[in-house]
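**Student:** The following comprises the amino acid sequence and a computationally predicted model.
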Amino acid sequence: MRRRYDLALSIVKKVSAFLVERRKCGFVISEKGENDYVTEADKASENLIRDAIRTSFPSDEILGEEYGISGSSSSLWIVDPIDGTVNYMNGFPFYTISIAYQEKGETLFGFVSVPEQGEIFSAIKGEGAYLNGEKLHGNTLPTRKSLAILVPPHRMHEALDSYLSSMRRLYEIYSDVRSIGSAALSLCYLASGRVSCYYERFLHIYDVAAGLLIASEAGADVEYKEYDDYVDILATVKGLLASTKEAIDG
């Protein structure tokens with residue numbers, strides 16, 4: 001596992017540098033679905049990650065956003081080559097590279113790299129969460145002084161009204177809200193104490209696998225609901241999950 005951890009760290013550093021340079025050169029944008037985009041950089045990033053893993057661990061299984069699943073092993077890498085593609089396309093600097101590693105369904109480590117900020121969040125199961133080597137702890141501000149990341153369902157507009165009703169109630173708990181366009185980074189901001197709550201629906205496992213471990217290892221409370229085609233995430237700093245969930249449910 002340690003060899004895989006070291007490999008993942010080298011990969012996110014290499015791919016982070018690649019994406020920063022690639023943005024300067026331009027890229028073609030394609031539409032995968034309603035309000036769902038992919039760039040040449042997404043595909044090139046995932047290929048770099050896959051090639052590096054296959055070279056060192058050829059039998060390992062890889063699940064990536066752009067190319068699906070390949071390999072057959074109890075060792076599984078979960079990869080989002082750019083979490084926050086719309087941010088990347090628009091030059092908004094909050095996009096990430098997310099890599100998690102699982103054995104027999106259990107996430108053992110995860111990395112979330114923020115190329116434009118020079119930040120690498122990481123966690124090993126049972127060993128805490130870190131930002132550039134410094135251990136992370138959640139926010140300790142009173143809720144009325146802290147922030148929540150709330151992300152309306154931009155690809156599922158039929159769910160928007162009910163979400164906005166929940167969002168309105170959460171304003172009674174938290175000082176203000178943000179939406180930064182990357183699920184992985186939202187979980188890392190919770191882990192690092194920059195926000196006290198993160199709530200989003202209609203995600204995929206590759207969006208959140210690494211971030212969930214990082215948030216949990218930093219002491220966050222996490223509610224994870226898995227459906228056939230998507231997952232819902234509610235995560236808060238310790239002790240706020242129940243009251244936040246009550247506000248969401250009305």
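**Tutor:** Arrived safely.

**Student:** Name the helix or strand of this protein that has the lowest mean pLDDT.
**Tutor:** Lowest by mean pLDDT, DSSP states H and E among the helices and strands of the chain is strand 29-33, with a mean of 84.

**Student:** just checking, what packs against that one?
**Tutor:** In terms of contacts (3 or more C-beta pairs under 8 Å, 6 or more residues apart in numbering; DSSP states H and E), strand 29-33 is packed against strand 36-39. All C-beta atoms are positioned from the backbone trio N, CA, C, and that covers glycine.

**Student:** what's the angle between the helix or strand that the strand it packs on is followed by and strand 29-33?
**Tutor:** Counting by DSSP states H and E, the element after strand 36-39 in chain order, helix or strand, is helix 40-56. Orientation check (axes from the mean of the first three to the mean of the last three C-alpha atoms, to 10 degrees): helix 40-56 against strand 29-33 gives 80 degrees.

**Student:** Angles on the backbone of Gly105, please.
**Tutor:** With angles defined as degrees, to the nearest 10, Gly105 sits at phi 80, psi 0.

**Student:** From Asp60, how far out is it?
**Tutor:** Taken as C-beta to C-beta, to the nearest Å, the spacing of Gly105 relative to Asp60 amounts to 15 Å.

**Student:** Not counting the biggest helix by length in the chain itself, show me its contacts.
**Tutor:** Criterion DSSP state H: the longest helix present in the chain is helix 2-25. Residues outside helix 2-25 that contact it (C-beta atoms under 8 Å, 6 or more residues apart in numbering): 41, 44-45, 48-49, 52-53, 56-57, 75, 81-82, 88, 91, 95, 97, 99, 101, 109, 111, 113, 115-116, 120, 122, 124.

**Student:** how big is the angle separating it from helix 40-56?
**Tutor:** 150 degrees.

**Student:** Buried residues in helix 2-25, which are they?
**Tutor:** 4-5, 7-9, 11-12, 14-16, 18-19, 22-23 (16 or more other C-beta atoms under 10 Å).

**Student:** what's the answer for stretch 228-238, then?
**Tutor:** For stretch 228-238, a neighbour-count test (16+ other C-beta under 10 Å) marks 230-231, 233-237 as buried.

**Student:** Same check on stretch 87-104?
**Tutor:** Buried, per 16+ other C-beta under 10 Å, within stretch 87-104: 87-89, 94-102.

**Student:** still on that earlier bit, quick check, distance from the longest helix of the chain to the centre of its chain.
**Tutor:** Per C-alpha atoms, centre = their mean, to the nearest Å, the displacement of helix 2-25 from the mean C-alpha position of its chain is 16 Å.

**Student:** swap in stretch 166-182?
**Tutor:** 18 Å.

**Student:** Show the model's pLDDT score for Glu34.
**Tutor:** According to the prediction, Glu34 has pLDDT 69.

**Student:** No further questions, thank you.
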